[in-house]
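A.B. asks: sequence first, predicted model second:
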Amino acid sequence: MSHALEVSVVIPCKNEKDNLAFLIDEVGSALAGRPFELIIVDDGSDDGTDQLLQAYSIERPWLRHIRHEKSCGQSNAVRTGLLHAQGEFIATLDGDGQNDPAFFPQMIDALKAGDPDHALAAGQRMKRTDGFVKKYGSRLANSIRQSLLKDNTRDSGCGLKVIRRQVFLNLPFFEAWHRFLPALVVREGLKVVHIDVIDRGRSHGTSKYGIFDRLWVGILDLLGVYWLRKRRKKIPVIKEISLTGQNGPET
């Protein structure tokens, strides 16, 4: 595998074999012509996902399969992919097929066109296809999150994100941390680019990560991120002073 990869795509999944069957090639088409890898983190699936990935990898050298023997949750699956990734940028999307990877080039290019402090491109779903409870519950949660964390992000839960790898590695890890990336990035004094994306209906199966489990845990995580944000009130502007008296670049 080349070490000059532009992007590593990370897909966490649990029992999403039927959706992965088309999602893998959608990623390949979206990033054709770019040096990339696709890392699928199989979070303890028992639906034949491993056999599908083994067959697909024969003609797709950019496809990597990493497996958790037991399910560890979506956050841990994303982190496992991050720790194995080699690309300059990390792109994430959910394994249920509702996120369209066709938006990745636009998101990557938005970061490359900006200053180095543009660290995260976050998808913002338009015309969501979720059911009533999930859709309006998400709106309420996003409203509360914005009021507390001041991350200026309408839809923090969208799986479509592109982030600079080194920035991602430096963020504090906790359960559901992937849902608070805008706030964590802003906390570091960095910037978020927002990209409108299309939300698709699920073609196969149902969500493997419970809504209400995420709700109650999410309240605690929200308070934790709020605490982290309040504890870091000032972002230092750093510059190196050379022995000749000339200032180096600011960071």
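C.D. replies: Great, that's in hand.

A.B. asks: Ala121 falls within a strand, correct?
C.D. replies: Yes. Under DSSP: H, G, I helix; E, B strand; the rest coil, Ala121 falls within a strand.

A.B. asks: how about it: what's its closest non-neighbour residue?
C.D. replies: Excluding the flanking residues, the one nearest Ala121 by Cβ to Cβ, 6 or more residues apart in numbering is Met107, at 3.9 Å. (Glycine included, C-beta is placed from N, CA and C.)

A.B. asks: residue contacts, the one you found?
C.D. replies: Residues near Met107 by Cβ atoms under 8 Å, 6 or more residues apart in numbering: Ala91, Ala121, Gly123, Leu160, Lys161, Val162, Val193, Ile195.

A.B. asks: pLDDT for those residues - can I get that in JSON lines?
C.D. replies: Output for the contacts of Met107, formatted as JSON lines (pLDDT from 0 to 100):
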{"residue": "Ala91", "pLDDT": "99"}
{"residue": "Ala121", "pLDDT": "98"}
{"residue": "Gly123", "pLDDT": "96"}
{"residue": "Leu160", "pLDDT": "97"}
{"residue": "Lys161", "pLDDT": "98"}
{"residue": "Val162", "pLDDT": "99"}
{"residue": "Val193", "pLDDT": "96"}
{"residue": "Ile195", "pLDDT": "97"}
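
A.B. asks: which ones among the residues you listed are found in strands?
C.D. replies: Among the contacts of Met107, the residues falling in strands (DSSP state E) are Ala91, Ala121, Gly123, Lys161, Val162, Val193, Ile195.

A.B. asks: return the distance of the helix or strand containing Ala110 from the chain's centre.
C.D. replies: For Ala110, the host element (DSSP states H and E) is helix 104-113. How far helix 104-113 lies from its chain's middle: 14 Å, per Cα atoms, centre = their mean, to the nearest Å.

A.B. asks: and that helix, what's buried?
C.D. replies: Judged by neighbour count (16 or more other Cβ atoms under 10 Å), helix 104-113 contains these buried residues: Phe104, Pro105, Gln106, Met107, Ile108, Leu111.

A.B. asks: okay, those in TSV with pLDDT and distance to Glu69 next?
C.D. replies: Output for the buried residues of helix 104-113, formatted as TSV (pLDDT from 0 to 100; distance: Cβ to Cβ, whole Å):
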residue	pLDDT	distance to Glu69
Phe104	98	30
Pro105	98	35
Gln106	98	36
Met107	98	32
Ile108	98	33
Leu111	97	34
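
A.B. asks: now render these as JSON lines, adding distance to Pro35.
C.D. replies: Conversion of these to JSON lines gives the following (distance: Cβ to Cβ, whole Å):
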{"residue": "Phe104", "distance to Pro35": "13"}
{"residue": "Pro105", "distance to Pro35": "13"}
{"residue": "Gln106", "distance to Pro35": "18"}
{"residue": "Met107", "distance to Pro35": "16"}
{"residue": "Ile108", "distance to Pro35": "11"}
{"residue": "Leu111", "distance to Pro35": "16"}
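
A.B. asks: returning to what we had before: kindly format the C-alpha coordinates of the helix holding Ala110 as CSV.
C.D. replies: Extracted C-alpha coordinates of helix 104-113, given in CSV (Å, rounded to 0.1, in the frame of the first residue of the first chain):
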residue,chain,number,x,y,z
PHE,A,104,-16.3,13.2,-0.9
PRO,A,105,-14.3,14.9,-3.7
GLN,A,106,-16.1,18.2,-2.9
MET,A,107,-15.4,17.9,0.8
ILE,A,108,-11.7,17.0,0.3
ASP,A,109,-11.2,19.8,-2.2
ALA,A,110,-12.8,22.3,0.2
LEU,A,111,-10.2,21.5,2.8
LYS,A,112,-7.3,21.5,0.4
ALA,A,113,-8.4,24.9,-1.0
